[in-house]
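In: sequence unknown, structure follows:
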Ligand code: LLP
(Lines give C-alpha, C1' and ligand atoms only; values in the text may rest on other atoms or scores of the structure.)
Protein backbone atom coordinates (compact mmCIF):
# COMPACT_ATOMS: atom_id res chain seq x y z
CA UNK A 1 0.00 0.00 0.00
CA UNK A 2 1.41 3.39 -1.04
CA UNK A 3 0.38 5.83 1.61
CA UNK A 4 2.78 8.70 0.95
CA UNK A 5 2.56 11.10 -1.94
CA UNK A 6 5.69 11.47 -4.07
CA UNK A 7 6.96 14.07 -6.49
CA UNK A 8 9.46 12.42 -8.82
CA UNK A 9 11.01 9.80 -6.54
CA UNK A 10 10.90 11.96 -3.43
CA UNK A 11 8.19 11.59 -0.83
CA UNK A 12 6.39 14.56 0.62
CA UNK A 13 7.85 13.76 4.05
CA UNK A 14 11.44 13.68 2.71
CA UNK A 15 10.84 17.06 1.11
CA UNK A 16 9.39 18.48 4.31
CA UNK A 17 12.29 17.14 6.35
CA UNK A 18 14.80 18.78 4.05
CA UNK A 19 13.07 22.07 3.23
CA UNK A 20 10.19 22.58 5.69
CA UNK A 21 6.64 23.70 4.88
CA UNK A 22 4.87 25.57 3.39
CA UNK A 23 6.75 24.61 0.27
CA UNK A 24 6.31 24.94 -3.47
CA UNK A 25 7.65 21.93 -5.37
CA UNK A 26 8.13 21.65 -9.13
CA UNK A 27 8.58 18.41 -11.01
CA UNK A 28 11.23 19.40 -13.53
CA UNK A 29 10.56 16.37 -15.71
CA UNK A 30 6.94 17.48 -16.14
CA UNK A 31 8.03 20.99 -17.17
CA UNK A 32 10.39 19.51 -19.77
CA UNK A 33 7.64 17.21 -21.06
CA UNK A 34 5.27 20.14 -21.38
CA UNK A 35 7.86 22.13 -23.32
CA UNK A 36 8.56 19.19 -25.65
CA UNK A 37 4.87 18.57 -26.27
CA UNK A 38 4.49 22.17 -27.43
CA UNK A 39 7.73 22.26 -29.43
CA UNK A 40 6.99 18.94 -31.17
CA UNK A 41 3.43 19.83 -32.13
CA UNK A 42 3.29 23.56 -32.67
CA UNK A 43 4.78 23.22 -36.15
CA UNK A 44 3.86 23.91 -39.74
CA UNK A 45 5.51 23.59 -43.15
CA UNK A 46 4.29 27.07 -44.05
CA UNK A 47 6.27 29.18 -41.53
CA UNK A 48 8.65 28.95 -38.59
CA UNK A 49 7.17 28.59 -35.11
CA UNK A 50 8.25 29.64 -31.66
CA UNK A 51 7.14 28.78 -28.14
CA UNK A 52 7.58 31.72 -25.80
CA UNK A 53 7.21 31.02 -22.09
CA UNK A 54 5.07 33.70 -20.38
CA UNK A 55 7.19 33.97 -17.28
CA UNK A 56 4.59 35.88 -15.25
CA UNK A 57 3.17 32.41 -14.49
CA UNK A 58 6.31 31.58 -12.53
CA UNK A 59 9.67 33.26 -12.70
CA UNK A 60 12.88 32.38 -10.94
CA UNK A 61 16.48 32.28 -12.07
CA UNK A 62 16.37 28.49 -12.16
CA UNK A 63 13.18 28.55 -14.27
CA UNK A 64 14.86 30.99 -16.67
CA UNK A 65 17.80 28.60 -16.82
CA UNK A 66 15.45 25.76 -17.85
CA UNK A 67 13.93 28.02 -20.50
CA UNK A 68 17.42 28.72 -21.82
CA UNK A 69 18.48 25.06 -21.77
CA UNK A 70 15.32 24.08 -23.62
CA UNK A 71 15.93 26.78 -26.20
CA UNK A 72 12.49 28.38 -26.11
CA UNK A 73 11.66 32.09 -26.03
CA UNK A 74 10.59 34.03 -22.97
CA UNK A 75 7.98 36.74 -22.41
CA UNK A 76 8.74 39.35 -19.75
CA UNK A 77 6.40 42.12 -18.65
CA UNK A 78 8.43 44.22 -16.24
CA UNK A 79 11.88 45.45 -15.34
CA UNK A 80 11.93 42.79 -12.61
CA UNK A 81 11.30 39.92 -15.00
CA UNK A 82 13.72 41.45 -17.50
CA UNK A 83 16.37 41.67 -14.81
CA UNK A 84 16.02 37.91 -14.21
CA UNK A 85 16.42 36.92 -17.85
CA UNK A 86 19.42 39.25 -18.18
CA UNK A 87 20.96 37.69 -15.08
CA UNK A 88 20.50 34.25 -16.65
CA UNK A 89 22.11 35.56 -19.87
CA UNK A 90 19.17 34.60 -22.06
CA UNK A 91 19.78 35.36 -25.73
CA UNK A 92 18.22 38.83 -26.30
CA UNK A 93 16.72 37.68 -29.61
CA UNK A 94 14.65 35.17 -27.61
CA UNK A 95 13.16 37.80 -25.32
CA UNK A 96 9.72 39.28 -25.98
CA UNK A 97 9.13 42.39 -23.89
CA UNK A 98 5.42 42.88 -23.15
CA UNK A 99 3.48 45.11 -20.81
CA UNK A 100 1.23 48.11 -20.93
CA UNK A 101 2.68 51.30 -19.48
CA UNK A 102 6.35 50.33 -19.69
CA UNK A 103 8.47 52.92 -17.91
CA UNK A 104 11.30 54.64 -19.75
CA UNK A 105 13.73 53.06 -17.29
CA UNK A 106 12.42 49.63 -18.28
CA UNK A 107 12.68 50.53 -21.95
CA UNK A 108 16.28 51.70 -21.51
CA UNK A 109 17.11 48.47 -19.71
CA UNK A 110 15.73 46.49 -22.67
CA UNK A 111 17.68 48.61 -25.18
CA UNK A 112 20.85 48.22 -23.15
CA UNK A 113 20.56 44.43 -23.36
CA UNK A 114 19.54 44.62 -27.05
CA UNK A 115 16.19 42.92 -26.45
CA UNK A 116 15.01 42.15 -29.95
CA UNK A 117 11.23 41.88 -29.73
CA UNK A 118 9.06 44.58 -28.22
CA UNK A 119 5.31 44.21 -27.94
CA UNK A 120 3.95 47.74 -28.02
CA UNK A 121 0.65 48.30 -26.24
CA UNK A 122 -0.40 51.70 -27.56
CA UNK A 123 0.52 54.68 -29.73
CA UNK A 124 1.91 56.69 -26.81
CA UNK A 125 4.31 53.88 -25.98
CA UNK A 126 5.38 53.66 -29.61
CA UNK A 127 6.20 57.36 -29.65
CA UNK A 128 8.57 56.77 -26.74
CA UNK A 129 10.37 53.99 -28.63
CA UNK A 130 10.54 56.25 -31.69
CA UNK A 131 12.07 59.02 -29.56
CA UNK A 132 14.74 56.63 -28.33
CA UNK A 133 15.35 55.04 -31.73
CA UNK A 134 18.21 57.33 -32.90
CA UNK A 135 20.25 56.10 -29.93
CA UNK A 136 19.53 52.41 -30.50
CA UNK A 137 22.40 50.57 -32.20
CA UNK A 138 20.46 47.54 -33.44
CA UNK A 139 17.16 46.86 -35.16
CA UNK A 140 14.20 46.47 -32.81
CA UNK A 141 11.31 44.28 -33.92
CA UNK A 142 8.02 45.95 -33.05
CA UNK A 143 4.89 43.86 -32.64
CA UNK A 144 1.66 45.73 -32.02
CA UNK A 145 -0.52 44.22 -29.34
CA UNK A 146 -4.01 43.98 -30.82
CA UNK A 147 -7.18 43.75 -28.82
CA UNK A 148 -9.30 41.68 -31.19
CA UNK A 149 -12.37 42.30 -29.04
CA UNK A 150 -12.94 38.62 -28.43
CA UNK A 151 -13.87 37.45 -24.94
CA UNK A 152 -12.62 33.99 -24.25
CA UNK A 153 -14.54 31.71 -21.92
CA UNK A 154 -12.87 32.22 -18.58
CA UNK A 155 -13.14 34.07 -15.28
CA UNK A 156 -13.83 37.78 -15.69
CA UNK A 157 -10.63 38.95 -14.00
CA UNK A 158 -8.42 37.01 -16.37
CA UNK A 159 -10.02 38.10 -19.61
CA UNK A 160 -7.63 40.43 -21.38
CA UNK A 161 -9.31 41.12 -24.72
CA UNK A 162 -12.89 42.26 -24.32
CA UNK A 163 -13.54 45.45 -26.30
CA UNK A 164 -12.79 47.76 -23.38
CA UNK A 165 -9.80 45.89 -22.06
CA UNK A 166 -6.83 47.97 -20.96
CA UNK A 167 -4.54 45.90 -23.19
CA UNK A 168 -3.52 46.65 -26.73
CA UNK A 169 -4.79 48.60 -29.73
CA UNK A 170 -8.50 48.04 -30.24
CA UNK A 171 -8.75 46.33 -33.62
CA UNK A 172 -11.18 48.88 -35.08
CA UNK A 173 -9.02 51.88 -34.22
CA UNK A 174 -7.08 53.86 -36.83
CA UNK A 175 -4.04 54.30 -34.60
CA UNK A 176 -2.88 50.83 -35.66
CA UNK A 177 -2.20 52.21 -39.14
CA UNK A 178 -0.70 55.44 -37.77
CA UNK A 179 1.62 53.30 -35.70
CA UNK A 180 2.76 51.23 -38.65
CA UNK A 181 3.50 54.47 -40.52
CA UNK A 182 5.55 55.79 -37.60
CA UNK A 183 7.51 52.53 -37.34
CA UNK A 184 8.23 52.60 -41.08
CA UNK A 185 9.41 56.18 -40.81
CA UNK A 186 11.76 55.48 -37.90
CA UNK A 187 15.26 54.09 -38.35
CA UNK A 188 16.08 51.08 -36.17
CA UNK A 189 12.41 50.18 -35.67
CA UNK A 190 11.19 47.27 -37.75
CA UNK A 191 7.45 46.58 -38.09
CA UNK A 192 7.36 42.89 -37.29
CA UNK A 193 3.71 41.98 -36.85
CA UNK A 194 0.81 41.59 -34.45
CA UNK A 195 0.43 40.01 -31.05
CA UNK A 196 -2.77 39.08 -29.20
CA UNK A 197 -3.79 37.41 -26.00
CA UNK A 198 -7.48 36.73 -25.49
CA UNK A 199 -7.57 35.30 -21.99
CA UNK A 200 -6.39 32.56 -19.73
CA UNK A 201 -7.58 29.11 -18.62
CA UNK A 202 -9.45 28.63 -21.91
CA UNK A 203 -11.06 25.33 -22.84
CA UNK A 204 -13.22 26.38 -25.74
CA UNK A 205 -11.20 27.12 -28.90
CA UNK A 206 -13.93 29.18 -30.60
CA UNK A 207 -12.41 32.42 -29.28
CA UNK A 208 -9.07 31.52 -30.85
CA UNK A 209 -10.72 30.65 -34.18
CA UNK A 210 -12.42 34.02 -34.31
CA UNK A 211 -9.23 35.78 -33.23
CA UNK A 212 -7.22 34.19 -36.03
CA UNK A 213 -9.86 35.20 -38.59
CA UNK A 214 -9.86 38.77 -37.28
CA UNK A 215 -6.06 38.95 -37.39
CA UNK A 216 -6.03 37.85 -41.02
CA UNK A 217 -8.66 40.48 -41.85
CA UNK A 218 -6.45 43.08 -40.17
CA UNK A 219 -3.36 41.85 -42.03
CA UNK A 220 -5.29 42.19 -45.28
CA UNK A 221 -6.22 45.78 -44.42
CA UNK A 222 -2.57 46.71 -43.79
CA UNK A 223 -1.76 45.57 -47.32
CA UNK A 224 1.87 44.82 -46.49
CA UNK A 225 4.10 41.98 -45.37
CA UNK A 226 3.50 40.77 -41.82
CA UNK A 227 6.39 38.65 -40.61
CA UNK A 228 5.23 37.51 -37.22
CA UNK A 229 1.92 36.66 -35.59
CA UNK A 230 1.68 35.83 -31.90
CA UNK A 231 -1.48 34.24 -30.53
CA UNK A 232 -0.65 34.73 -26.82
CA UNK A 233 -1.23 32.15 -24.11
CA UNK A 234 -4.42 30.84 -22.61
CA UNK A 235 -4.48 27.05 -22.80
CA UNK A 236 -6.50 25.76 -19.83
CA UNK A 237 -5.28 23.19 -17.32
CA UNK A 238 -7.01 20.69 -15.05
CA UNK A 239 -7.48 21.94 -11.50
CA UNK A 240 -10.37 19.63 -10.66
CA UNK A 241 -12.21 16.80 -12.40
CA UNK A 242 -14.70 19.25 -13.85
CA UNK A 243 -11.93 20.90 -15.93
CA UNK A 244 -11.50 19.11 -19.24
CA UNK A 245 -8.50 20.70 -20.92
CA UNK A 246 -7.17 19.87 -24.35
CA UNK A 247 -3.76 18.26 -24.45
CA UNK A 248 -0.97 20.63 -25.46
CA UNK A 249 -0.75 18.65 -28.71
CA UNK A 250 -4.46 19.13 -29.44
CA UNK A 251 -4.28 22.82 -28.53
CA UNK A 252 -1.25 23.30 -30.81
CA UNK A 253 -2.75 21.35 -33.71
CA UNK A 254 -6.01 23.29 -33.63
CA UNK A 255 -4.19 26.64 -33.78
CA UNK A 256 -1.79 25.55 -36.52
CA UNK A 257 -4.60 24.03 -38.62
CA UNK A 258 -6.61 27.23 -38.39
CA UNK A 259 -3.67 29.51 -39.27
CA UNK A 260 -2.71 27.23 -42.18
CA UNK A 261 -6.31 27.28 -43.42
CA UNK A 262 -6.43 31.09 -43.24
CA UNK A 263 -3.15 31.35 -45.16
CA UNK A 264 -4.57 29.10 -47.87
CA UNK A 265 -7.89 30.94 -47.92
CA UNK A 266 -6.53 34.49 -48.01
CA UNK A 267 -3.17 34.03 -49.74
CA UNK A 268 -1.60 36.11 -46.96
CA UNK A 269 1.75 34.70 -45.86
CA UNK A 270 3.58 34.98 -42.56
CA UNK A 271 7.16 33.98 -41.76
CA UNK A 272 6.68 33.10 -38.09
CA UNK A 273 3.91 32.12 -35.71
CA UNK A 274 4.30 32.04 -31.94
CA UNK A 275 2.34 31.27 -28.80
CA UNK A 276 3.06 32.37 -25.25
CA UNK A 277 1.99 29.63 -22.86
CA UNK A 278 2.40 30.43 -19.19
CA UNK A 279 -0.01 28.37 -17.11
CA UNK A 280 0.01 25.29 -19.33
CA UNK A 281 3.82 25.01 -19.19
CA UNK A 282 4.13 25.02 -15.42
CA UNK A 283 0.79 24.57 -13.62
CA UNK A 284 0.62 20.77 -13.62
CA UNK A 285 4.30 20.53 -12.66
CA UNK A 286 3.73 22.45 -9.43
CA UNK A 287 2.56 21.29 -5.99
CA UNK A 288 2.24 23.00 -2.66
CA UNK A 289 2.96 21.17 0.57
CA UNK A 290 1.64 22.43 3.89
CA UNK A 291 1.55 21.05 7.40
CA UNK A 292 -1.86 20.74 9.04
CA UNK A 293 -1.41 21.98 12.58
CA UNK A 294 -4.81 22.36 14.15
CA UNK A 295 -8.38 21.31 13.55
CA UNK A 296 -11.55 22.92 14.79
CA UNK A 297 -15.26 22.61 14.56
CA UNK A 298 -17.37 25.72 14.03
CA UNK A 299 -21.18 25.41 14.06
CA UNK A 300 -21.48 23.38 10.87
CA UNK A 301 -18.00 23.34 9.44
CA UNK A 302 -14.81 21.57 10.33
CA UNK A 303 -11.61 23.47 9.62
CA UNK A 304 -8.12 22.13 9.08
CA UNK A 305 -5.60 24.93 9.62
CA UNK A 306 -2.46 24.92 7.50
CA UNK A 307 0.84 26.73 8.00
CA UNK A 308 0.39 28.92 4.89
CA UNK A 309 -2.53 30.82 3.47
CA UNK A 310 -3.80 33.34 0.94
CA UNK A 311 -0.40 35.03 1.01
CA UNK A 312 1.12 32.03 -0.81
CA UNK A 313 -1.92 31.30 -2.99
CA UNK A 314 -4.20 34.27 -3.59
CA UNK A 315 -6.13 32.61 -6.42
CA UNK A 316 -9.01 31.14 -4.33
CA UNK A 317 -9.67 34.53 -2.70
CA UNK A 318 -9.13 36.55 -5.88
CA UNK A 319 -10.81 34.40 -8.51
CA UNK A 320 -12.73 31.79 -6.56
CA UNK A 321 -10.20 29.28 -7.93
CA UNK A 322 -10.75 25.68 -6.91
CA UNK A 323 -7.96 23.13 -6.47
CA UNK A 324 -7.67 19.41 -5.75
CA UNK A 325 -6.04 18.44 -2.46
CA UNK A 326 -5.04 15.33 -0.51
CA UNK A 327 -3.45 14.50 2.79
CA UNK A 328 -0.02 13.56 1.46
CA UNK A 329 0.69 10.94 4.13
CA UNK A 330 -2.82 9.41 3.96
CA UNK A 331 -3.15 9.19 0.24
CA UNK A 332 -4.97 5.83 0.28
CA UNK A 333 -7.14 6.44 3.32
CA UNK A 334 -10.86 6.78 3.08
CA UNK A 335 -12.10 10.35 2.77
CA UNK A 336 -14.59 10.38 5.60
CA UNK A 337 -14.49 14.08 6.42
CA UNK A 338 -15.85 17.15 4.70
CA UNK A 339 -13.64 20.04 5.72
CA UNK A 340 -12.54 23.51 4.77
CA UNK A 341 -8.85 24.31 4.75
CA UNK A 342 -7.99 27.72 6.14
CA UNK A 343 -4.72 29.59 6.30
CA UNK A 344 -3.06 31.83 8.87
CA UNK A 345 -4.11 35.21 7.47
CA UNK A 346 -6.36 37.62 9.34
CA UNK A 347 -8.95 37.69 6.63
CA UNK A 348 -12.16 35.72 6.46
CA UNK A 349 -11.46 35.11 2.76
CA UNK A 350 -8.42 33.09 3.75
CA UNK A 351 -10.20 29.77 3.27
CA UNK A 352 -8.22 28.21 0.47
CA UNK A 353 -10.14 25.00 -0.17
CA UNK A 354 -13.80 24.83 0.75
CA UNK A 355 -15.83 21.75 1.64
CA UNK A 356 -13.35 19.18 0.41
CA UNK A 357 -13.46 15.46 1.18
CA UNK A 358 -10.39 14.29 3.07
CA UNK A 359 -9.40 11.60 5.56
CA UNK A 360 -9.50 12.46 9.25
CA UNK A 361 -6.39 14.51 10.01
CA UNK A 362 -4.05 14.67 12.97
CA UNK A 363 -1.65 17.48 13.82
CA UNK A 364 1.48 17.07 11.72
CA UNK A 365 -0.25 15.59 8.67
CA UNK A 366 0.70 17.13 5.35
CA UNK A 367 -1.59 18.65 2.79
CA UNK A 368 -0.64 18.44 -0.87
CA UNK A 369 -2.30 20.82 -3.32
CA UNK A 370 -2.10 19.90 -6.99
CA UNK A 371 -1.60 22.08 -10.08
CA UNK A 372 -0.18 25.07 -8.24
CA UNK A 373 2.71 25.76 -10.60
CA UNK A 374 1.20 28.83 -12.27
CA UNK A 375 0.37 32.18 -10.67
CA UNK A 376 1.05 30.80 -7.19
CA UNK A 377 4.50 31.93 -6.13
CA UNK A 378 4.43 34.73 -8.67
CA UNK A 379 1.37 36.27 -6.99
CA UNK A 380 2.44 35.55 -3.41
CA UNK A 381 2.71 38.38 -0.91
CA UNK A 382 3.93 39.09 2.58
CA UNK A 383 0.50 39.93 3.95
CA UNK A 384 0.53 39.72 7.73
CA UNK A 385 4.36 39.73 7.41
CA UNK A 386 4.32 36.09 6.51
CA UNK A 387 7.56 35.02 4.82
CA UNK A 388 7.12 33.58 1.34
CA UNK A 389 7.80 29.84 1.17
CA UNK A 390 10.78 28.18 -0.48
CA UNK A 391 10.61 26.74 -4.01
CA UNK A 392 12.22 23.41 -4.77
CA UNK A 393 12.70 21.61 -8.09
CA UNK A 394 12.66 17.82 -8.14
CA UNK A 395 14.27 15.82 -10.91
CA UNK A 396 13.83 12.08 -10.27
CA UNK A 397 15.62 11.44 -6.99
CA UNK A 398 17.35 14.83 -6.86
CA UNK A 399 16.02 18.05 -5.44
CA UNK A 400 17.32 21.57 -5.81
CA UNK A 401 16.44 24.64 -3.79
CA UNK A 402 15.48 27.26 -6.41
CA UNK A 403 14.20 30.04 -4.14
CA UNK A 404 15.08 30.23 -0.46
CA UNK A 405 12.39 30.60 2.19
CA UNK A 406 12.19 34.21 3.31
CA UNK A 407 13.41 34.93 6.82
CA UNK A 408 11.98 37.48 9.23
CA UNK A 409 15.13 39.48 8.60
CA UNK A 410 14.30 39.48 4.85
CA UNK A 411 10.86 40.86 5.68
CA UNK A 412 12.34 43.94 7.31
CA UNK A 413 15.36 44.50 5.07
CA UNK A 414 13.88 47.62 3.46
CA UNK A 415 12.40 49.07 6.65
CA UNK A 416 13.99 52.06 8.32
CA UNK A 417 13.21 53.01 11.88
N1 LIG B 1 0.70 36.38 -23.07
C2 LIG B 1 0.16 37.49 -22.54
C3 LIG B 1 0.25 38.76 -23.28
C4 LIG B 1 -0.51 37.44 -21.32
O5 LIG B 1 -1.06 38.54 -20.80
C6 LIG B 1 -0.58 36.21 -20.62
C7 LIG B 1 -1.25 36.12 -19.31
C8 LIG B 1 0.03 35.07 -21.19
C9 LIG B 1 0.65 35.20 -22.43
C10 LIG B 1 0.01 33.73 -20.54
O11 LIG B 1 -1.28 33.22 -20.43
P12 LIG B 1 -1.52 31.73 -19.86
O13 LIG B 1 -0.92 30.78 -20.86
O14 LIG B 1 -0.84 31.64 -18.56
O15 LIG B 1 -2.98 31.62 -19.77
N16 LIG B 1 -3.22 35.63 -12.65
C17 LIG B 1 -4.21 34.94 -13.45
C18 LIG B 1 -3.77 34.78 -14.89
C19 LIG B 1 -3.44 36.08 -15.56
C20 LIG B 1 -2.96 35.92 -16.97
C21 LIG B 1 -2.41 37.19 -17.46
N22 LIG B 1 -1.83 37.11 -18.76
C23 LIG B 1 -4.51 33.61 -12.78
O24 LIG B 1 -3.96 33.33 -11.74
O25 LIG B 1 -5.32 32.84 -13.28
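Out: Yep, that arrived. Since this is a predicted model, take the numbers as computed values, not measurements.
In: Can you pull the residues of the stretch 1-150 of the chain lying near the ligand?
Out: Counting by C-beta under 6 Å from any ligand atom, the positions of the stretch 1-150 of the chain adjacent to the ligand are 54, 56-57, 75, 98. All C-beta spots, glycine's among them, are computed from the backbone N, C-alpha and C.
In: tell me which of those is nearest to residue 90?
Out: Sorting those by distance to residue 90 puts residue 75 at the head of the list, at 11.4 Å, by C-beta to C-beta.
In: Please, which helix or strand holds the closest one?
Out: Of the helices and strands defined by DSSP states H and E, residue 75 is found in strand 73-76.
In: if we can go back for a sec, with secondary structure as extra columns, can I get the residues of the stretch 1-150 of the chain next to the ligand in TSV?
Out: Rendered in TSV, the data for these read as follows (DSSP: H, G, I helix; E, B strand; the rest coil):
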residue	secondary structure
54	strand
56	coil
57	coil
75	strand
98	coil
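In: Where do the strands of the stretch 251-400 of the chain begin and end?
Out: Ranges of strands within the stretch 251-400 of the chain are 272-275, 286-297, 302-306, 325-327, 337-342, 351-358, 366-369, 390-395, 398-403, based on DSSP state E, counting those that start in this stretch.
In: Kindly compare burial across those and name the winner.
Out: Here the criterion is mean neighbour count by mean count of other C-beta atoms under 10 Å, and of the strands of the stretch 251-400 of the chain the winner is strand 366-369, at a mean of 25.
In: That strand - contacts with which helices or strands?
Out: For strand 366-369, the packing partners by 3 or more C-beta pairs under 8 Å, 6 or more residues apart in numbering; DSSP states H and E come out as helix 12-19, strand 286-297, strand 325-327.
In: possible to save the ones you listed as CSV with mean pLDDT?
Out: Below are the helices and strands packed on strand 366-369 laid out as CSV (pLDDT from 0 to 100):
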stretch, mean pLDDT
helix 12-19, 98
strand 286-297, 97
strand 325-327, 98
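In: nearest to residue 367, of these?
Out: Between residue 367 and these, the shortest gap by C-beta to C-beta is with strand 286-297, which sits at 4.5 Å.
In: quick one: that closest one to chain centroid distance?
Out: The gap between the average C-alpha position of strand 286-297 and the chain average comes to 25 Å, counting by C-alpha atoms, centre = their mean, to the nearest Å.
In: got the angle between it and strand 302-306?
Out: Computed with axes from the mean of the first three to the mean of the last three C-alpha atoms, to 10 degrees, the direction of strand 286-297 lies at 130 degrees from that of strand 302-306.
In: Strand 286-297 pairs with which strands?
Out: Note on strand 286-297: by DSSP bridges, its sheet partners are strand 23-27 (antiparallel), strand 302-306 (antiparallel), strand 366-369 (antiparallel).
In: could I get those as a markdown table with mean pLDDT and distance to residue 251?
Out: Converted to a markdown table, these look like this (pLDDT from 0 to 100; distance: least, C-beta to C-beta, whole Å):
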| stretch | mean pLDDT | distance to residue 251 |
| --- | --- | --- |
| strand 23-27 | 98 | 20 |
| strand 302-306 | 98 | 33 |
| strand 366-369 | 98 | 24 |
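In: Just put these in TSV and tack on distance to residue 111.
Out: Rendered in TSV, the data for those read as follows (distance: least, C-beta to C-beta, whole Å):
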stretch	distance to residue 111
strand 23-27	33
strand 302-306	45
strand 366-369	41
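In: Of those, which is nearest residue 409?
Out: Go through the strands paired with strand 286-297 one by one with C-beta to C-beta and the one that ends up closest to residue 409 is strand 23-27, at 19.8 Å.
In: per-domain residue ranges of this protein.
Out: Domain assignment of the chain by automatic domain parsing yields the ranges 6-25+283-411, 28-278.
In: now the shortest one, how far from the chain's geometric center?
Out: Taking the mean C-alpha point of domain 6-25+283-411 and that of its whole chain, the gap between them comes to 20 Å (C-alpha atoms, centre = their mean).
In: before we move on, back to that, would you turn the domains of the chain into TSV with distance to residue 417?
Out: TSV is the format used below for the domains of the chain (distance: least, C-beta to C-beta, whole Å):
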stretch	distance to residue 417
domain 6-25+283-411	14
domain 28-278	26
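In: Next, count neighbours for the residue in the stretch 301-417 of the chain positioned nearest to the ligand.
Out: The minimum distance from the stretch 301-417 of the chain to the ligand, using C-beta to the nearest ligand atom, falls at residue 375 (3.1 Å). Number of residues near residue 375 (other C-beta atoms under 10 Å) recorded here: 25.
In: Next, give phi and psi for it.
Out: Recorded main-chain torsions at residue 375 are phi 60, psi 30, according to degrees, to the nearest 10.
In: so what's it up against?
Out: In this structure, residue 375 makes contact with 56-58, 278-279, 315, judged by C-beta atoms under 8 Å, 6 or more residues apart in numbering.
In: Check residue 71 too.
Out: Applying C-beta under 8 Å, 6+ apart to residue 71 gives no contacts.
In: How about residue 233?
Out: 54, 197, 200, 275-280 are the contacts of residue 233 under C-beta under 8 Å, 6+ apart.
In: Any quick PyMOL command for the buried ones out of those?
Out: Entered in PyMOL, the line below selects the buried ones among these, by 16 or more other C-beta atoms under 10 Å:
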select buried, resi 54+197+200+275+276+277+278+279+280
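In: Let me have the contacts of residue 233 in JSON lines, extended by pLDDT and distance to residue 335.
Out: Output for the contacts of residue 233, formatted as JSON lines (pLDDT from 0 to 100; distance: C-beta to C-beta, whole Å):
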{"residue": "54", "pLDDT": "98", "distance to residue 335": "35"}
{"residue": "197", "pLDDT": "95", "distance to residue 335": "38"}
{"residue": "200", "pLDDT": "92", "distance to residue 335": "30"}
{"residue": "275", "pLDDT": "98", "distance to residue 335": "38"}
{"residue": "276", "pLDDT": "98", "distance to residue 335": "38"}
{"residue": "277", "pLDDT": "98", "distance to residue 335": "33"}
{"residue": "278", "pLDDT": "98", "distance to residue 335": "32"}
{"residue": "279", "pLDDT": "98", "distance to residue 335": "28"}
{"residue": "280", "pLDDT": "98", "distance to residue 335": "29"}
